[in-house]
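Asks: please find the sequence and the predicted model below.
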Amino acid sequence: MIEFLTSNFVPMMFTGLLVFLLMGFPVSFSLAATGLFFGFIGMELELFPSNLFQALPLRVFGIMQNDTLLAIPFFTLMGIILERSRMAEDLLETVGQVFGPLRGGVGIAVVLVGALLAATTGVVAASVISMGLIAMPIMLRYGYNRTIATGTITASGTLAQALPPSLVLIVLADQLGRSVGDMYAGALIPGLALVGLYLAFIVVVALVKPSWVPALPAEARIYNEPNGSSGHRSLLALLLLCAAAGYGWSQVHESIMNPWLEREMPAPGDEVFILSMTISAFLALALALVNKLFGIGLLSRLTERVTFVLIPPLVLIFLVLGTIFLGVATPTEGGAMGAIGALIMAGARRTLSFGLLKQALENTTKLAIFVLFILIGSTVFSFTFNAADGHIWVEHLFAKLPGGQLGFLLFVNALVFVLGMFIDFFEIAFIVVPLLAPVADKLGIDLIWFGIILAMNLQTSFLTPPFGFALFYLRSVAARNDYDDVVTGERIPAVTTAQIYKGSIAFIILQLIMVAVIVFNPGIVTGNLDKAAVVDDATVDDMLNNMQDLQSEENEEPNMDASGEESPAAGDAAPADDAAAPPAVEEEVDPAKALEDAIKKAE
């Protein structure tokens with residue numbers, strides 16, 4: 001019996017966990033109960049030491065002191081405040097007016113607003129529900145195909161999973177033992193590429209089936225000029241002016257910033273880009289303010305509206321993500337700045353109230369407690385799991401997979417894809433990822449690359465019928481019964497669950513294409529990361545020789561001339577003035593400078 005338990009302890013633990021979950025217990029309590037139950041069995045049978053859980057209190061305090069996870073409540077608070085301050089409504093209305101005259105324009109607006117909400121709120125539920133309440137009635141009113149409308153809304157809302165400052169990326173970085181900043185940098189290009197895929201799909205639909213994605217009629221364009229013009233020329237002129245200003249700054253950035261920062265090396269590319277975009281944004285905002293205050297008619301109504309609605313969230317994005325990418329702030333500090341910025345934006349929009357702040361703090365606290373309890377439960381589970389050599393069992397299990405790295409990644413993607421349809425990403429991150437990360441690292445898989453693959457895969461599972469969470473979010477706000485449209489007065493049929501499920505299929509295919517691109521082209525992730533300097537043995541020897549040379553030069557007699565002989569004046573008494581002079585300060589050996597010189601020589 002003991003021998004059977006020893007050889008099958010880990011599978012029995014997973015079976016016990018599954019039983020607790022199927023009985024309906026919360027994930028955190030199921031994890032803790034499984035760990036304690038099998039831990040006490042192991043101690044009773046003397047399979048484990050009697051002090052197995054001795055370090056548990058210290059581990060719990062360590063979880064509560066984790067600075068990385070502190071970013072989660074900050075970004076959650078920022079997202080809830082922005083979502084409750086009606087920012088999504090204004091963004092959808094404004095961007096919809098910009099692209100409305102085009103076929104598929106409202107769909108394009110939904111995708112772009114979904115990306116902006118992802119970069120500011122980072123919460124899938126808030127994005128899907130907001131756009132479902134606002135964009136769905138407009139799309140149905142003007143004859144959008146229902147599968148295209150529902151699929152666009154759900155897919156755009158799930159962009160919050162993969163675009164920084166995603167909570168998924170923060171949790172994955174913590175569980176994989178990698179920097180949140182690197183995880184954000186690695187996710188940026190794949191996330192933007194996915195946005196591009198969505199936009200390309202809508203454009204193709206507009207070309208192939210124009211009746212599915214009609215343009216807004218003239219009466220729906222509310223920001224036309226008194227002379228009947230749409231105001232797009234003014235918007236284009238402002239964009240060109242801001243682009244020219246940003247380009248001009250990029251050309252003079254080093255000449256201005258390097259002396260100010262006392263820096264000799266070239267400026268990083270991301271620093272130049274972020275500051276150039278910031279200069280452009282503030283220029284547009286300044287022109288719009290001048291136009292509004294003095295009524296000079298410099299900008300059209302549409303251009304002025306776009307500037308006042310889009311610039312504040314863009315500046316907030318640059319403030320939060322820019323400081324993280326540049327290394328000025330940690331993700332936790334960036335999240336704190338984002339929360340303060342969201343409060344300022346809500347106050348400026350006159351939507352900040354005590355009730356809104358109370359609701360935002362309550363929801364943030366609930367999420368933080370939810371994450372904390374799952375972490376505590378997974379920690380208890382891991383004590384017993386590691387004592388039973390579970391990590392070795394997992395390694396042996398995956399070692400039998402054919403195909404090496406590729407076979408492992410394909411299996412993991414299939415596993416996470418299925419699990420994501422049933423359980424939340426927090427549970428997957430805290431239960432599954434710690435089991436898979438050591439195996440991935442042992443196979444030589446870059447863990448940042450691995451984390452981005454998982455994040456993109458989890459985003460796909462949010463859309464997958466019948467249990468995709470984004471589908472349920474849209475179902476909760478989409479019309480269940482026929483209704484009379486408040487604008488046209490026409491009878492609008494209800495949105496069926498089958499239409500929501502059908503609409504997600506095309507976007508699931510697009511996301512799976514993106515997952516495949518990341519798997520087979522890791523450079524799309526790792527190419528955006530900072531490269532570590534590679535120092536070989538010859539470079540190290542050269543560095544040590546340089547340090548020895550510097551040390552020997554420092555130890556030379558000050559009275560020796562270049563030929564090595566004593567100076568004639570060495571034996572003479574020093575004059576009184578020289579004796580009173582302070583001794584020269586000897587320059588200390590700088591190991592960092594010696595290493596830098598050695599690397600330059602090696603290059």
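Replies: Alright, I've got the coordinates.

Asks: low-confidence ranges in this protein?
Replies: 1-7, 122, 528, 530-603 (pLDDT under 70).

Asks: rerun at 50
Replies: The model of the chain has pLDDT under 50 over residues 533, 557, 560-589.

Asks: domains in it, by residue range?
Replies: As assigned by automatic domain parsing, the chain contains the domains 2-67+373-458, 534-556+584-603.

Asks: closest to Ser353 out of these?
Replies: domain 2-67+373-458 (29.9 Å; CB to CB). Glycine gets a C-beta too; all of them are placed from N, C-alpha and C.

Asks: let me know how buried Thr384 is, in neighbour terms.
Replies: 25 (other CB atoms under 10 Å).

Asks: hang on, the earlier thing: need the domains of the chain in CSV (columns: distance to Thr120).
Replies: Below are the domains of the chain laid out as CSV (distance: least, CB to CB, whole Å):
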stretch, distance to Thr120
domain 2-67+373-458, 18
domain 534-556+584-603, 38
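
Asks: out of these, which is the most enclosed?
Replies: domain 2-67+373-458 (a mean of 17; mean count of other CB atoms under 10 Å).

Asks: mind checking which helix or strand the closest residue in space to Gly341 that isn't next to it in sequence is in?
Replies: For Gly341, ignoring the flanking residues on the chain, the nearest one in space by CB to CB, 6 or more residues apart in numbering is Leu316 at 4.7 Å. Assigned by DSSP states H and E, Leu316 belongs to helix 301-317.

Asks: can you give me the strands for the stretch 351-500 of the chain?
Replies: Here the stretch 351-500 of the chain has its strands, by DSSP state E, counting those that start in this stretch, at 483-484, 491-492.

Asks: helices or strands up against the first one?
Replies: In this case it means strand 483-484. Helices and strands touching strand 483-484, by 3 or more CB pairs under 8 Å, 6 or more residues apart in numbering; DSSP states H and E, are strand 491-492.

Asks: quick one on the thing from earlier: then the helix holding Leu316 to PDB, C-alphas only?
Replies: Provided in PDB are the C-alpha atoms of helix 301-317 (Å, rounded to 0.1, in the frame of the first residue of the first chain):
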ATOM      1  CA  ARG A 301     -15.600  70.500 -34.700                       C
ATOM      2  CA  LEU A 302     -14.600  66.900 -35.400                       C
ATOM      3  CA  THR A 303     -10.900  67.600 -35.000                       C
ATOM      4  CA  GLU A 304     -11.500  69.500 -31.700                       C
ATOM      5  CA  ARG A 305     -13.600  66.700 -30.300                       C
ATOM      6  CA  VAL A 306     -11.100  64.000 -31.300                       C
ATOM      7  CA  THR A 307      -8.300  65.900 -29.700                       C
ATOM      8  CA  PHE A 308     -10.000  66.400 -26.300                       C
ATOM      9  CA  VAL A 309     -11.300  62.800 -26.200                       C
ATOM     10  CA  LEU A 310      -8.200  60.900 -27.500                       C
ATOM     11  CA  ILE A 311      -5.200  62.900 -26.100                       C
ATOM     12  CA  PRO A 312      -5.900  62.400 -22.300                       C
ATOM     13  CA  PRO A 313      -6.000  58.600 -22.500                       C
ATOM     14  CA  LEU A 314      -3.000  58.600 -24.900                       C
ATOM     15  CA  VAL A 315      -1.000  60.800 -22.500                       C
ATOM     16  CA  LEU A 316      -1.900  58.400 -19.600                       C
ATOM     17  CA  ILE A 317      -0.700  55.500 -21.700                       C
END
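
Asks: out of the strands of the stretch 351-500 of the chain, which comes closest to Leu302?
Replies: strand 491-492 (27.7 Å).

Asks: so what touches that closest one?
Replies: For strand 491-492, contacts defined as CB atoms under 8 Å, 6 or more residues apart in numbering pick out 137, 140-141, 479, 482-485.

Asks: if we use 7 Å, what do you get?
Replies: 140, 479, 482-485 (CB atoms under 7 Å, 6 or more residues apart in numbering).

Asks: ok now that strand, how far from the chain's centre?
Replies: Put simply, strand 491-492 sits 40 Å off its chain's centre (CA atoms, centre = their mean, to the nearest Å).

Asks: what strands flank it, and is each parallel or antiparallel?
Replies: Its sheet considered, strand 491-492 pairs with strand 483-484 (antiparallel) by DSSP bridges.

Asks: let's have the strands of the stretch 351-500 of the chain in TSV, adding mean neighbour count and distance to Gly177.
Replies: TSV is the format used below for these (neighbours: other CB atoms under 10 Å; distance: least, CB to CB, whole Å):
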stretch	mean neighbour count	distance to Gly177
strand 483-484	12	51
strand 491-492	12	51
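
Asks: now distance to Phe467 too, for these, in JSON lines please.
Replies: Compiled in JSON lines, those are given as follows (distance: least, CB to CB, whole Å):
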{"stretch": "strand 483-484", "distance to Phe467": "28"}
{"stretch": "strand 491-492", "distance to Phe467": "28"}
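
Asks: between the ones you listed, which gets nearest to Thr76?
Replies: Using CB to CB, the nearest of those to Thr76 is strand 483-484, at 33.2 Å.

Asks: re earlier: residues contacting the helix holding Leu316, please?
Replies: Residues from elsewhere that reach helix 301-317 (CB under 7 Å, 6+ apart): 87, 90-91, 94, 97-98, 116, 119-120, 223, 225, 230-232, 234-235, 238, 281, 284-285, 288, 291-292, 338, 341, 345.
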